[in-house]
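Chemist: Generate a structure from the sequence data that follows.
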Amino acid sequence: MIQNEYEINSKTNAIIGISKKGSIILEGEREIYSTHIPQEIIERNCEYGGSTFNGRLKNSQLHLGKKYKLPIVISEIKETIMFPTKSYYDDTCCWISLNNIVKYEEVDKKVCIYFKEGKPQIFDISIETLEIEVLRASKLLLILKTRKKDEF
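Modeler: The predicted structure is shown next:
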């Protein structure tokens with residue numbers, strides 16, 4: 001299936017950059033091919049969620065104190081957090097949904113991630129780097145949940 005516009009949802013596991021030509025989106029059991037690079041998909045979905053990518057990025061910087069490779073909130077309402085494996089603007093960057101990770105393990109100096117639905121996927125990232133990214137994304141999710149709880 002080829003899709004030009006994609007809305008990140010609860011079954012979105014990852015958006016994998018394949019080149020300047022597009023992305024593969026892992027959604028549950030499905031693989032969706034998009035003619036957009038991951039950054040374009042992320043930016044569009046930040047807008048769907050009521051902000052801009054730069055606005056979401058500034059929010060992450062404020063809470064996490066870092067400046068690069070930060071996780072971002074795609075949707076505050078759905079509590080959707082995604083994090084990158086490389087620079088945001090690298091065409092082969094992958095964005096992984098924190099919400100759907102069940103477990104992960106090292107495989108030949110790469111990482112195999114098991115998701116709630118769908119096949120396990122190997123990502124070209126070290127286990128140490130993935131653990132840092134998961135920790136940052138988890139911290140951002142906790143901040144979001146705490147802020148939402150305090151509002152009510």
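Chemist: how about the strands of this protein, start to end?
Modeler: Remark: strands assigned in the chain by DSSP state E are 2-3, 12-19, 22-27, 30-34, 72-75, 80-84, 94-97, 101-107, 110-115, 121-123.
Chemist: winner for burial among those strands?
Modeler: strand 94-97 (a mean of 26; mean count of other Cβ atoms under 10 Å). Just so you know, the C-beta spots here come from the backbone N, C-alpha and C atoms, and that holds for glycine as well.
Chemist: picking that back up, may I see the strands of the chain arranged in a markdown table, with mean pLDDT as well?
Modeler: What follows is those, written out as a markdown table (pLDDT from 0 to 100):
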| stretch | mean pLDDT |
| --- | --- |
| strand 2-3 | 57 |
| strand 12-19 | 94 |
| strand 22-27 | 96 |
| strand 30-34 | 95 |
| strand 72-75 | 93 |
| strand 80-84 | 96 |
| strand 94-97 | 97 |
| strand 101-107 | 97 |
| strand 110-115 | 98 |
| strand 121-123 | 96 |
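Chemist: Reformat those strands as a markdown table; add distance to residue 48.
Modeler: Converted to a markdown table, the strands of the chain look like this (distance: least, Cβ to Cβ, whole Å):
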| stretch | distance to residue 48 |
| --- | --- |
| strand 2-3 | 15 |
| strand 12-19 | 12 |
| strand 22-27 | 15 |
| strand 30-34 | 15 |
| strand 72-75 | 8 |
| strand 80-84 | 11 |
| strand 94-97 | 15 |
| strand 101-107 | 22 |
| strand 110-115 | 22 |
| strand 121-123 | 24 |
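Chemist: So for residue 136, which of these sits nearest?
Modeler: strand 80-84 (6.8 Å; Cβ to Cβ).
Chemist: what's the closest of the strands of the chain to residue 47?
Modeler: Set against residue 47 and scored by Cβ to Cβ, the strands of the chain come closest in strand 72-75, at 10.4 Å.
Chemist: What is that closest one packed up against?
Modeler: Contact analysis of strand 72-75 by 3 or more Cβ pairs under 8 Å, 6 or more residues apart in numbering; DSSP states H and E lists helix 38-48, helix 53-64, strand 80-84, helix 127-151 as its packing neighbours.
Chemist: Spell out which strands sit alongside that strand in the sheet and which way each one runs.
Modeler: Paired with strand 72-75 in the same sheet, following DSSP bridges, are strand 80-84 (antiparallel).
Chemist: Now do the partner strand against helix 38-48: the angle between them, please.
Modeler: Counting by axes from the mean of the first three to the mean of the last three Cα atoms, to 10 degrees, strand 80-84 lies at 160 degrees to helix 38-48.
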